[in-house]
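[1] Give the three-dimensional model of this entry:
(4 chains)
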Number of protein chains: 2
Amino acid sequence: MARAGQQAGLSRERVLRAAAAIADERGLAALTMRSLAESLGVEAMSLYHHVANKEAVLDGLVEVVMAEVEQAVAALDAPAPEDDWQSALRMRVLASREVLVRHPWAPGVFETRTGASLAVARYFDGVLGLMRRAGFSYELGHRALHALGSRALGFSQELFAPDGMEAPEEVMAAMAEEVPHLVAMVADASHGGAVLGWCDYQSEFEFGLDLILDGLERLREGA
Amino acid sequence: MARAGQQAGLSRERVLRAAAAIADERGLAALTMRSLAESLGVEAMSLYHHVANKEAVLDGLVEVVMAEVEQAVAALDAPAPEDDWQSALRMRVLASREVLVRHPWAPGVFETRTGASLAVARYFDGVLGLMRRAGFSYELGHRALHALGSRALGFSQELFAPDGMEAPEEVMAAMAEEVPHLVAMVADASHGGAVLGWCDYQSEFEFGLDLILDGLERLREGA
DNA sequence: ACCTGAACACCGTTCAAGT
DNA sequence: ACCTGAACACCGTTCAAGT
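    This is a model prediction of the structure:
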């Protein structure tokens, strides 16, 4: 693409968009300065004229995702927080989740850049503002932000995937000794029919979210 | 340490303990096969006789931490779940948290090995067993595990640290335009006195945990 | 101002060789 | 069986040089 030895028309924005594309298509591990440069038809070292280093690329990736989130949130037709803050926040979180689901690598990147991003702070500021309009004190709002954590942005940390448990029967039998309750749980769920993919992550996410939102509402009206 | 060219007395366990020590003392980034070998007085390649590769070292690190968690949980004098499941689970989670707090690198490692670890599965099996004894259906127990997520093991994902906000006043002023509610929240909290370290992560964690536990109890008794 | 080639200091890992 | 030295194929990044 680059006219030999001259002007490749690079820019910070083009670099970041290319980085997001690589992460989307080939995973975060495939994103190296060299692969990024190659995808832009340029040598690795050219990138350093537009981003300080790889850390800056990852910071930029957060901005790219958050820009999409902001857009999705802006397009929302949510009730006024004064009328129904739970629906308003719920819609916002789920809109953000839709963006995050399109970029499965995003949570991993977010986790490593805690506190660094103004774009993320802006999002949480919006959530807090919504809660304020619903009558939250700053103190309760603060605690609410902590209680929601990454869930406010639409993702949660699953430490083990019981999905992995639709294993051959013999493996299940061996596991039954180590994790009897989990095995029984899967067995219980499979009475209905197919076990494969029995974890509906979307509905589990919404369950957890509503649990927290309901709890917060109780505290809000109690205050 | 190694008798030149012979018998360094290595073992999988010794390798993993050394790996945990490096992560504890110098951070996860400092843990390389070469640094690990050096800390054991051995060449990097010797490690491969005891662990398959670096991934296996990280898997082993999860085991090391989970062994500590199991020990902490076993030492607990908690009420029977039939009598007070919320206290029983709460104590378990906080015991696990104490271990995790001693190994700040652990959450980062856990996140990258979702579903791989039997030790983690065993922990969640225990949590589910506790809930079963408290009268949870498998279905509600399942949803509860998802709702708790990493919180069951004592940590939660904070995407931004409002702590970082006790900044010079001029920075605060500039930020006020971008994130007015967060700035006002900090200002509100600082009326009492010191802002520095105003986020008490332990109590915020417990707040979020109790919010979920209370919500689950309501569902349990409603069923 | 923007891009490049060669090089440096790292990685994880393989392989053939030592004892 | 266990440990090692040299090497390979990668990283991110620096630097001096090109246009």
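
[2] need the contact list for the closest residue to A:Asp188 other than its chain neighbours.
    Take A:Asp188 and drop its neighbours on the chain: the residue closest to it by Cβ to Cβ, 6 or more residues apart in numbering or on different chains is B:Tyr138, 4.1 Å away. Quick note: C-beta positions are derived from backbone N, CA and C, even for glycine. Counting by Cβ atoms under 8 Å, 6 or more residues apart in numbering or on different chains, B:Tyr138 makes contact with A:Ala184, A:Met185, A:Asp188, A:Ala189, B:Arg132.

[3] So the fourth one, which state does it fall into?
    What that stands for is A:Ala189. Following DSSP: H, G, I helix; E, B strand; the rest coil, the label given to A:Ala189 is helix.

[4] The closest residue to it other than its chain neighbours is in what secondary structure piece?
    Nearest-residue entry for A:Ala189: A:Trp198, 5.2 Å, with adjacent residues in sequence omitted and distances by Cβ to Cβ, 6+ apart. A:Trp198 is part of no helix or strand when elements are defined by DSSP states H and E.

[5] Hmm, A:Trp198 is touching A:Asp188, no?
    No. A:Trp198 is beyond contact range of A:Asp188, at 10.3 Å (criterion: Cβ atoms under 8 Å).

[6] Compare these two (neighbour count), which wins?
    Remark: of A:Trp198 and A:Asp188, A:Trp198 carries more neighbours, 17 against 14, as counted by other Cβ atoms under 10 Å in any protein chain shown.

[7] Kindly state the pLDDT recorded for the residue nearest to A:Ala189?
    Note for A:Trp198: predicted pLDDT of 71.

[8] what does A:Val195 give?
    Listed pLDDT for A:Val195 reads 56.

[9] ok, now which ones touch A:Val179?
    Neighbouring residues of A:Val179 by Cβ under 8 Å, 6+ apart: B:Leu118, B:Ala121, B:Arg122, B:Phe124, B:Asp125.

[10] try 10 Å this time
    Residues near A:Val179 by Cβ atoms under 10 Å, 6 or more residues apart in numbering or on different chains: A:160, A:162, A:165, A:185-186, B:118, B:121-126, B:128-129.

[11] Mind listing what's buried along the worst-scoring helix or strand of chain A on mean pLDDT?
    Least confident helix or strand, chain A: helix A:169-178 with a mean of 78, by mean pLDDT, DSSP states H and E. Going by neighbour count (16 or more other Cβ atoms under 10 Å in any protein chain shown), the buried part of helix A:169-178 is A:Met175.

[12] just stretch A:24-34 next, same as before
    Buried residues in stretch A:24-34, counted by 16+ other Cβ under 10 Å: A:Leu28, A:Leu31, A:Met33.

[13] Kindly export it (C-alpha atoms) in CSV.
    In CSV, the C-alpha atoms belonging to stretch A:24-34 read as follows (Å, rounded to 0.1, in the frame of the first residue of the first chain):
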residue,chain,number,x,y,z
ASP,A,24,-11.6,-8.9,16.2
GLU,A,25,-10.5,-11.3,13.5
ARG,A,26,-7.5,-13.1,14.9
GLY,A,27,-7.6,-12.4,18.6
LEU,A,28,-5.6,-10.2,20.9
ALA,A,29,-2.6,-12.4,20.9
ALA,A,30,-2.2,-11.9,17.1
LEU,A,31,-1.9,-8.2,17.7
THR,A,32,1.8,-7.4,17.5
MET,A,33,3.4,-4.2,16.3
ARG,A,34,4.7,-6.2,13.4
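
[14] can it be found next to DNA strand D?
    Yes. Among the residues of stretch A:24-34, A:Leu31, A:Thr32, A:Met33, A:Arg34 lie within reach of DNA strand D under Cβ under 7 Å from any atom of the strand.

[15] Now do that stretch: everything it contacts.
    With Cβ under 10 Å, 6+ apart, stretch A:24-34 has contacts from A:18-23, A:35-36, A:38-39, A:43-48, A:51, A:53-54, A:57-58, A:61, A:102-106, A:108-109.

[16] switch to 8 Å and redo it
    Contacting residues not belonging to stretch A:24-34 are listed as A:Ala19, A:Ile22, A:Ala23, A:Ala44, A:Leu47, A:Lys54, A:Val57, A:Arg102, A:His103, A:Trp105, A:Gly108, A:Val109 [Cβ under 8 Å, 6+ apart].

[17] do the same with stretch A:213-223
    By Cβ under 8 Å, 6+ apart, the residues outside stretch A:213-223 that reach it are A:85-86, A:89-90, A:134-137, A:140, A:144, A:147, B:211-212, B:214-215.

[18] Now which of these would you call buried?
    Buried members of the contacts of stretch A:213-223, counted by 16+ other Cβ under 10 Å: A:85-86, A:89-90, A:134, A:136, A:140, A:144, A:147, B:211-212, B:214-215.

[19] ok, of those residues, which one's closest to A:Glu169?
    B:Ile212 (34.2 Å; Cβ to Cβ).

[20] Who are the contact partners of the closest one?
    Applying Cβ under 8 Å, 6+ apart, we find B:Ile212 in contact with A:Gly208, A:Leu211, A:Ile212, A:Gly215, B:Ala147, B:Leu148, B:Arg151.

[21] again, but for A:Ser190
    A:Trp198.

[22] okay, it: pLDDT?
    Note for A:Ser190: predicted pLDDT of 77.

[23] sorry, back to before: near DNA strand D too, which of the contacts of stretch A:24-34?
    Contacts with DNA strand D within the contacts of stretch A:24-34, as defined by Cβ under 7 Å from any atom of the strand: A:Ala44, A:Lys54.
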